[in-house]
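>>> Sequence and computational prediction follow.
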Amino acid sequence: MVRLKVNLGDSENKWVSTTADAYRRVKTEGVRHVQKIPTQSSIPRGDLDPQRNQARMMATTNRFFFSKGNHRELPSHVDGSCLITRSNVQFGPPSLGRKSYNTSSSDDYPRKAAARVLPHTQPSGRVLSGPEHEPAVTTVQRDYRPSNGKRQELHPRQLKQVKESHISPPCKEHLFSTTHNEAYTLVPLSSKSLIDTHSHLYSHVPM
């Protein structure tokens, strides 16, 4: 919290705060601008020998660690080197190992030896055929055999009855007249009706 201190009177510091007393003004120097070359780098150039640079560019980590200078002697094989990967951690006495590290599921559902279930295989498709002396025909061909009879010809009297039983067309045209045809008569088109664009606004229906 900043507390303001007011000095009454005609002194120079009549409006001075405690913050101004604690943090005095310090005169700082101006910032010096240094003109830098944009193409100049601050990274040191290092070794500029072209031969050594080429050797470093072509060097690999495999060649560095597995070089002839570092491995002049043949590798030596020591008996019992596999003991390095063997663990020495023991989880309690061996007699209590199975009891201590066992689950309730394995106790309730012990493993049982059972016969392996073989998958069900469908029998191979085989078309049943009849006797060898008969040709292979379908059930439709066997049940519905084609008739070998000739085309049936009707007697003239029967043919006349068939013709008379059919509905004969009307003899006169007025039997098919409708109220729609009488009310809406067809007006023939003329050149005047084609030119007159307002002719479709007039009705020809008799009132």
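That came through, no problem. The shown structure was predicted, so the numbers you read here are calculated from the model rather than taken from an experiment.
>>> ok, Arg52 - how many residues close by?
Arg52 is flanked by 10 other residues according to other C-beta atoms under 10 Å. For every residue, glycine as well, the C-beta is placed using N, CA and C.
>>> Tell me the secondary structure at it.
Assigned state for Arg52: helix (three-state reduction, DSSP: H, G, I helix; E, B strand; the rest coil).
>>> quick one: it and Gly46, what's the gap?
10 Å (C-beta to C-beta, to the nearest Å).
>>> next one: Ala115
In terms of C-beta to C-beta, Ala115 sits 77 Å off from Gly46.
>>> Over to Ile37?
19 Å.
>>> Then Val31?
33 Å.
>>> any low-confidence regions in the protein?
Residue ranges of the chain with pLDDT under 70: 1-18, 20, 68-78, 80-102, 123-136, 149, 167-177, 182, 185-207.
>>> Quick one: the helices in this protein, in order.
Per DSSP state H, the chain carries helices over the ranges 18-22, 50-58, 61-65, 97-100, 104-108, 139-143, 156-165, 179-183, 191-195.
>>> Now tabulate these in JSON lines and tack on distance to Thr121.
Below are those laid out as JSON lines (distance: least, C-beta to C-beta, whole Å):
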{"stretch": "helix 18-22", "distance to Thr121": "96"}
{"stretch": "helix 50-58", "distance to Thr121": "64"}
{"stretch": "helix 61-65", "distance to Thr121": "55"}
{"stretch": "helix 97-100", "distance to Thr121": "41"}
{"stretch": "helix 104-108", "distance to Thr121": "34"}
{"stretch": "helix 139-143", "distance to Thr121": "29"}
{"stretch": "helix 156-165", "distance to Thr121": "63"}
{"stretch": "helix 179-183", "distance to Thr121": "75"}
{"stretch": "helix 191-195", "distance to Thr121": "84"}
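>>> And the ones you listed: which comes nearest Pro119?
For Pro119, the closest of the helices of the chain is helix 104-108, at 27.8 Å, according to C-beta to C-beta.
>>> Count the residues that sit near Tyr184.
Using other C-beta under 10 Å, the number of residues around Tyr184 comes to 13.
>>> ugh, wrong one, I meant Ile43
Other residues close to Ile43 by other C-beta under 10 Å number 5.
>>> With the one 5 residues further on instead?
Other residues within reach of Leu48 by the criterion other C-beta under 10 Å amount to 7.
>>> what do you get for Val117?
6.
>>> separation between it and Tyr109?
Relative to Tyr109, and taking C-beta to C-beta, Val117 is found at 18 Å.
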